[in-house]
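Visitor: Structure, please.
(2 chains)
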Protein chains: 2
Amino acid sequence: MVLTLEWKNGGLLLLDQRLLPNQVSYRECRTWAEVADAIREMVVRGAPAIGIAAAFGVALAAGETGDHGRMVSEIRRAIAGLRSTRPTARNLFWALERMEKTVSSAGSDPTGLPRLLLSEARNILAEDIEINRRIGEFGNEVVPDPARILTHCNAGALATGGFGTALGVIRAAAASGKKVSVIADETRPLFQGARLTAWEMREAGIPVKVITDGAAGFFLARKEADLIIVGADRISANGDTANKIGTYSLAILAQAHQVPFYVAAPTSTIDLSLARGDLIPIEERPAEEVETWAGERIVPTGVPVGNPAFDVTPARLITAIITERGLVRPPFEEGIRRIF
Amino acid sequence: MVLTLEWKNGGLLLLDQRLLPNQVSYRECRTWAEVADAIREMVVRGAPAIGIAAAFGVALAAGETGDHGRMVSEIRRAIAGLRSTRPTARNLFWALERMEKTVSSAGSDPTGLPRLLLSEARNILAEDIEINRRIGEFGNEVVPDPARILTHCNAGALATGGFGTALGVIRAAAASGKKVSVIADETRPLFQGARLTAWEMREAGIPVKVITDGAAGFFLARKEADLIIVGADRISANGDTANKIGTYSLAILAQAHQVPFYVAAPTSTIDLSLARGDLIPIEERPAEEVETWAGERIVPTGVPVGNPAFDVTPARLITAIITERGLVRPPFEEGIRRIF
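Guide: Numbering: from 1, shown residues only, chains lettered A, B, ... in the order given. So this is what the prediction gives:
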């Protein structure tokens, strides 16, 4: 099994996901700024995975200065820098808050901080994998046998510490003996569905077929998908869910075809401070992601591009949110309060 | 203005649309088989344009044999060959039926056939441009001022003899002084929206923005489009409309956001022999179109791809069909009967 990220010899190895499926290559980060760049450039992506990577970035920051007097301020600068890399994924801020608490709890003596911060980052990683396995178990309850599951983008091992959220549910269903197959939206502009989800499912031996994002309606109309499961980047207190651009269209299609629509995410994705989804900040990514592929220009020069990286699916379109603490069903506001 | 296709020096020049927006280059066809290849490979695409190209292909076939005894059977072989290039666009069969009638009407003396067939192909081309202008005028009636218009794929000058159907309406609205702007779905897998529609609108001086297909819901939810206009490849007798894959999702989104959804097409797109849209044959295009772009592999090897080129939008999701004989509104079955 290929690892998404790994702490090794005092550095953070990140699988460069931009190169998949053509190349399995790791980028080594030895400074927090290198981790920040890797998150910004989407070497590592997926809400839980960028939270974990950022946590290791903070651990790196602690080792970057030998000067105890400046260490805490340097770490806080790293936390601020890592926080500004991407605006939507809640897990990034959640992981950095945990690292910040570790800094605060160390008090005025920073001697043990490098060790404490590395230990906390390792905890976040280990917990994430365990959380995903629990999401998989809870999610498996709603997967029929056989099941043809449509998914969007990549909410798999590559988007997390390992195992995956939406793909974790699919892995758990397959492991329990159910006959599952996957339809993967290719997920423009960066093709995470075609490049990453298809690759993960192929490696796991789970049948997968890739379609263009615009073809999802065609296959739903032909009753070729029994349910939809996606991940999440941020969930507001009422259950509205920000996820990869295109998820909202899929949820509208699910409703039109009476196909259940599930969101699989750890509770660290839930942002209780936001009452509704329209308050979630949506990242606008560089136009270049849409304009060109493999160096070839697709959009004529001088034509502007709209490239929102996420959209918000209203809670009313969601059948249930699958978390490590169980399934949350409507009314979501109440259900979410209950699991916290 | 760049021409989509042109009869010149006894051959058919086709703008190679696969190379746009990076290169304006023509392919010269001197045999009907070369025209058939160009249609199959999508050098020329768009339902009306492939009908016109096929008509010129038949004219070429008439000149390919000097043997009067074999001419008619050679022409009929060409018609059959051209008919088998692509299965969905009604206009292809419609144009070939007109050419077939010209052959039949010539009786037993084929002497004048080459001239008659070329003349008929030229008529089809000239009529198409005139038809598009009328579609533009009728369509302009439903375009508010200002108007932000979402479109999918390319139903423009490049998809027709000139001017365009959906984009013809937009051209007519702009020419009448209305402040119009366009949001173009990029339209995977072949990016006709990003490559062709954006290029046409830029050349026409009409503001255009390109978005990924999955982002249409995002912009509709933000109320950034006032109406949707698309073309059509085949319309059944009840108004169900086959058009580029992704159109159906857009129609579902239009309904969810209460945005009017228009189909602009010549009456030659309407197939009275099919009662409903589910009877329209849907072309499955090669997996390679989805698997790679610019020579770079996107889908991992060994993973299958679903690549339907079209989907069917049920009539109930369509606000009106804009034809050269006027607007057809629900109930479509009756309205379509009336214009024929």
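
Visitor: Quick check: nearest residue in space to A:I131, chain neighbours excluded?
Guide: Excluding the flanking residues, the one nearest A:I131 by CB to CB, 6 or more residues apart in numbering or on different chains is A:E324, at 4.1 Å. Using the backbone N, CA and C atoms, a C-beta is placed for each residue, glycine as well.

Visitor: Hmm, I typed the wrong one, I wanted A:E141.
Guide: Excluding the flanking residues, the one nearest A:E141 by CB to CB, 6+ apart is A:L327, at 7.2 Å.

Visitor: that's a strand at that neighbour, yeah?
Guide: Yes: counting by DSSP: H, G, I helix; E, B strand; the rest coil, A:L327 is located in a strand.

Visitor: what bridges to it?
Guide: A:I322 (DSSP bridges).

Visitor: how deep is it tucked in, by neighbour count?
Guide: Look at A:L327: counted by other CB atoms under 10 Å in any protein chain shown, it has 18 neighbours.

Visitor: now swap in A:A33 and tell me
Guide: A:A33 sits with 16 neighbouring residues when counted by other CB under 10 Å.

Visitor: From A:T88, how far out is A:E324?
Guide: Going from A:E324 to A:T88 by CB to CB, to the nearest Å gives 21 Å.

Visitor: same deal with A:G177?
Guide: 37 Å.

Visitor: who's more crowded, those two?
Guide: Neighbours were counted for A:G177 and for A:T88 using other CB under 10 Å; A:T88 has more, 19 against 8.

Visitor: Isn't the more buried one up against A:E283?
Guide: Yes: using CB atoms under 8 Å, A:T88 is in contact with A:E283, at 4.9 Å.

Visitor: name the element A:A54 belongs to?
Guide: Assigned by DSSP states H and E, A:A54 belongs to helix A:47-64.

Visitor: then that helix to PDB, C-alphas only?
Guide: Output of helix A:47-64 as PDB, limited to C-alpha atoms (Å, rounded to 0.1, in the frame of the first residue of the first chain):
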ATOM      1  CA  ALA A  47      -9.100  17.900   3.800                       C
ATOM      2  CA  PRO A  48      -7.900  15.400   6.400                       C
ATOM      3  CA  ALA A  49      -4.500  14.900   4.600                       C
ATOM      4  CA  ILE A  50      -3.700  18.600   4.500                       C
ATOM      5  CA  GLY A  51      -4.600  18.900   8.200                       C
ATOM      6  CA  ILE A  52      -2.100  16.100   9.000                       C
ATOM      7  CA  ALA A  53       0.600  17.500   6.700                       C
ATOM      8  CA  ALA A  54       0.200  20.900   8.400                       C
ATOM      9  CA  ALA A  55       0.600  19.300  11.800                       C
ATOM     10  CA  PHE A  56       3.900  17.800  10.700                       C
ATOM     11  CA  GLY A  57       4.800  21.200   9.300                       C
ATOM     12  CA  VAL A  58       4.400  22.700  12.800                       C
ATOM     13  CA  ALA A  59       6.600  19.900  14.200                       C
ATOM     14  CA  LEU A  60       9.200  20.800  11.500                       C
ATOM     15  CA  ALA A  61       9.000  24.500  12.500                       C
ATOM     16  CA  ALA A  62       9.900  23.600  16.100                       C
ATOM     17  CA  GLY A  63      13.100  22.000  14.900                       C
ATOM     18  CA  GLU A  64      14.000  24.900  12.600                       C
END
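
Visitor: Who are the packing partners of it?
Guide: Under the contact criterion of 3 or more CB pairs under 8 Å, 6 or more residues apart in numbering or on different chains; DSSP states H and E, helix A:47-64 touches strand A:5-8, strand A:11-15, strand A:26-29, helix A:32-40, helix A:68-83, helix A:90-105, helix A:113-140.

Visitor: Dump the ones you listed to CSV, plus mean pLDDT and distance to A:A251.
Guide: Converted to CSV, the helices and strands packed on helix A:47-64 look like this (pLDDT from 0 to 100; distance: least, CB to CB, whole Å):
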stretch, mean pLDDT, distance to A:A251
strand A:5-8, 97, 30
strand A:11-15, 98, 29
strand A:26-29, 98, 34
helix A:32-40, 98, 27
helix A:68-83, 94, 29
helix A:90-105, 97, 19
helix A:113-140, 97, 17
